[in-house]
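Engineer: kindly generate the corresponding structure for this input.
(2 chains)
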Amino acid sequence: MRHLTSSSCFRMKAYLVRILTEALAKITDQPVQADIIIEKPRSADHGDAATNLAMTLTKKLGMPPRKIAEALKAALPLDDGYLSAVEIAGPGFINFRFSEKWLYGQLSEILETGAGYGKTTENAGKKMQIEFVSANPTGPLTVGHGRNAVLGDTIARLLEWTGAAVDREYYFNNAGRQMRVLGESVRARYLQELGQPAELPEDGYQGGYITDIAKTLIDAHEESLLGCPPNDPVFKNAAEHAIFADIRKTLERMNIRMDSFFNEHTLYEDGSIDRVVSRLRELDLAYDADGAVWFRTTKFGKEKDTVLVKSTGEPTYRLPDIAYHINKLDRGYDTCIDIFGADHIATYPDVVSAVEALGYDSKRIDVQVYQFVTIVKEGIPFKMSTRKANFVTLDELMDMVGSDVTRFFFLMRTPGTHLEFDIAEATQQGEKNPVFYLQYAHARIHSILSKATEEYDLSAEADLGLLTHPAETTLIKDLLQFPDMVAQAAHHREPHRLINYLNEVAASFHRFYHDCRIMGEAPELAVARVALLRAVVTVLNNGLTILGIQAPERM
RNA sequence: GCGCUCGUAGCUCAACUGGACAGAGCAUCUGACUACGGAUCAGAAGGUUGGGGGUUCGAAUCCUCCCGAGCGCACCA
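Structural biologist: I've put the predicted structure just below:
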């Protein structure tokens, strides 16, 4: 059974589970083990909540599902503090309708809770860490990194709303071959800028930012670096600092702040790399062959063993990866989440196997893989490469569409499926741009509220019982789903669920706006509707806050 | 060749992880307030969920085999 918390929807679920359990005990002699699942039916005709309990019990009780449903219904109490009706439908669903008394009670709870509405305690007391972005400082962040960055940050926010303490960490490596080539590329540009003959390394970085970095070196050192050898760290260091500064700025612009940057090099300095190898050797999971150190991945179902340390003495990236995850687990996190692109999909199982073999509970590691982004520009997709400088940077994208649209587009889709990022669609300012639908609803309500403040005395308590129009009650029911939706999105690490939900809320609001007026109605009703709008604004605001998107008061 | 991830309306995607009649937004067509923001709302049309077989009360979802796409398969990261 699903873990339940104290928020409104959970409380209704808990109530339904309890009365169903009691009813079940009444209709059978022997105790029956049953998983009671409560869900919201797709169609409003089927009530506000439903359970398939009767169907799942057909085998155990040896009775047809509708018979069981009838018996259960007869044994259920009908407390109008919670429910107004219990119905049986279809093959044996038991459908519940919430009482108005319950709805109004919950609505006033939203108003009281305000900016905290939607927070739950599902992960209260849990310490979590999420590692994301983690791009090596070889160039500016591109749209390709964007999905990773925004997913990581938003999942962190979701988890915080379920009570967890979350650390955001950026893992990087400034010592590998890529970085060496980067330094050599800067040096080549430096020489060229000073009129010296020089060529980029064969697989050097071609982007214009390399030349910019070279120019800053000229500003700082003039010609004094001409005699430096190609591998002099001054070039690489300059590049790293400039690029990291740039990356931080981009992240900040996207409303992302890291708690820590972890340099892979640390793992060499503190000996944890060596420790992993020797412990794997003790377990006979690592061995020497052909001058290299191998990891016995065949023991975990792989076809081939994997090299951990090359015959040159240099570890492959897998080894520090293992050490890094152990480092994280040793820091005491209950859960460590990795946000990985599809290219890592085949390699992380090795890390998980190693961590498990070394005596850690690998369930504490949670790898989230997202599929790559296809950029569509003028109707045609194009491939990006940092090295060839064939990319759209996140800064360029935000120059075009702003950070709200940028975040929204990356969050809109299921992480596990390919995302098509259509620049033309994102650039649209009007109705075609999906983010505006939400922001418009927020701005519209705000405008109504400020007008209502002038016309009515809103200090008196609203009589919420006046909100009986179908557009009003469905809107209230939508609002009550919010904490549950946040918790679900957090649990599945899928922010798009929250977006879909907020779109529904906005749609319900627009429908309400169309059907129900505020100004011009009897003052009591107007005041009650204003209260409802405040609750809607609360949900939109809190939801957009989780998504890291602005909730504008006018547009 | 092997592994992973996928395939849903013309297009981009949902579907609460096995539930009721597969839903939204674009695009197309038809309508709506002389009043609170028309960046809105109502309606129409659009489907053999890539295909076959299986599991069961029940399948887009699970198993299997085909077809098709993307990504991996280094002593690169």
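Engineer: contact partners for residue A:144?
Structural biologist: Residue A:144 sits next to A:341, A:372-373, A:384, A:391 when contact means Cβ atoms under 8 Å, 6 or more residues apart in numbering. (Glycine included, C-beta is placed from N, CA and C.)
Engineer: do a quick rundown of the helices in the stretch 101-250 of chain A.
Structural biologist: Using DSSP state H, counting those that start in this stretch, the helices of the stretch 101-250 of chain A run over A:143-161, A:177-193, A:208-221, A:233-253.
Engineer: with respect to burial, which of these scores highest?
Structural biologist: Among the helices of the stretch 101-250 of chain A, helix A:143-161 has the highest mean neighbour count (mean count of other Cβ atoms under 10 Å), at a mean of 24.
Engineer: report the angle between it and helix A:233-253.
Structural biologist: Relative orientation of helix A:143-161 and helix A:233-253, computed by axes from the mean of the first three to the mean of the last three Cα atoms, to 10 degrees: 50 degrees.
Engineer: I would like the residues contacting stretch A:515-525, please.
Structural biologist: With Cβ under 8 Å, 6+ apart as the criterion, stretch A:515-525 contacts A:448, A:451-452, A:455-457, A:463, A:466, A:469, A:471-472, A:526, A:529-530, A:533.
Engineer: so for it, mean pLDDT?
Structural biologist: For stretch A:515-525, mean pLDDT rounds to 90.
Engineer: scan chain A for its longest helix.
Structural biologist: Ranked by number of residues, the top helix in chain A under DSSP state H is helix A:523-547.
Engineer: and the stretch 151-300 of chain A, which residues reach RNA strand B?
Structural biologist: The stretch 151-300 of chain A has residues A:173, A:176-178, A:289-292 near RNA strand B, with proximity defined as Cβ under 7 Å from any atom of the strand.
Engineer: before we move on, back to that, out of the contacts of stretch A:515-525, who's the most crowded?
Structural biologist: With neighbours defined as other Cβ atoms under 10 Å, the most crowded of the contacts of stretch A:515-525 is residue A:529; it has 25 neighbours.
Engineer: which among the contacts of stretch A:515-525 are in contact with RNA strand B?
Structural biologist: Answer for the contacts of stretch A:515-525 near RNA strand B (Cβ under 7 Å from any atom of the strand): A:448, A:451-452.
Engineer: same list (these) but as a markdown table, adding secondary structure and pLDDT.
Structural biologist: Below are those laid out as a markdown table (DSSP: H, G, I helix; E, B strand; the rest coil; pLDDT from 0 to 100):
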| residue | secondary structure | pLDDT |
| --- | --- | --- |
| A:448 | helix | 93 |
| A:451 | helix | 91 |
| A:452 | helix | 91 |
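Engineer: and the stretch 1-150 of chain A, which of its residues are near RNA strand B?
Structural biologist: Applying Cβ under 7 Å from any atom of the strand, one finds that the stretch 1-150 of chain A approaches RNA strand B through A:37, A:39-43, A:45-47, A:50, A:52, A:55-56, A:58-59, A:65, A:89-93, A:95, A:136.
Engineer: from the stretch 201-350 of chain A, which residue is nearest to RNA strand B?
Structural biologist: Here the stretch 201-350 of chain A gets closest to RNA strand B at one residue, residue A:290, 2.8 Å apart by Cβ to the nearest atom of the strand.
Engineer: ok, and the closest non-adjacent residue to that residue?
Structural biologist: residue A:311 (6.5 Å; Cβ to Cβ, 6 or more residues apart in numbering).
Engineer: that neighbour contacts residue A:293, doesn't it?
Structural biologist: No: in terms of Cβ atoms under 8 Å, residue A:311 does not count as a neighbour of residue A:293; the distance is 9.1 Å.
Engineer: between these two, which is the more surrounded one?
Structural biologist: A side-by-side neighbour count of residue A:311 and residue A:293, using other Cβ under 10 Å, places residue A:293 first with 20 against 12.
Engineer: what is the distance between the helix or strand encompassing the more buried one and the centre of its chain?
Structural biologist: Using DSSP states H and E, residue A:293 sits in strand A:292-295. Its chain's C-alpha centre and that of strand A:292-295 lie 36 Å apart, by Cα atoms, centre = their mean, to the nearest Å.
Engineer: state the paired neighbours of that strand in the sheet, together with their directions.
Structural biologist: Strand A:292-295 has its sheet partners listed here by DSSP bridges as strand A:286-289 (antiparallel), strand A:306-309 (antiparallel).
Engineer: residues contacting residue A:40?
Structural biologist: With contact set as Cβ under 8 Å, 6+ apart, residue A:40 has these partners: A:48-50, A:481.
Engineer: need those residues in JSON lines (columns: secondary structure, neighbour count and pLDDT).
Structural biologist: Supplementary listing: the contacts of residue A:40 in JSON lines, determined by DSSP: H, G, I helix; E, B strand; the rest coil; neighbours: other Cβ atoms under 10 Å; pLDDT from 0 to 100:
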{"residue": "A:48", "secondary structure": "coil", "neighbour count": "22", "pLDDT": "93"}
{"residue": "A:49", "secondary structure": "strand", "neighbour count": "20", "pLDDT": "93"}
{"residue": "A:50", "secondary structure": "strand", "neighbour count": "21", "pLDDT": "93"}
{"residue": "A:481", "secondary structure": "coil", "neighbour count": "17", "pLDDT": "92"}
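Engineer: that'll do, ta.
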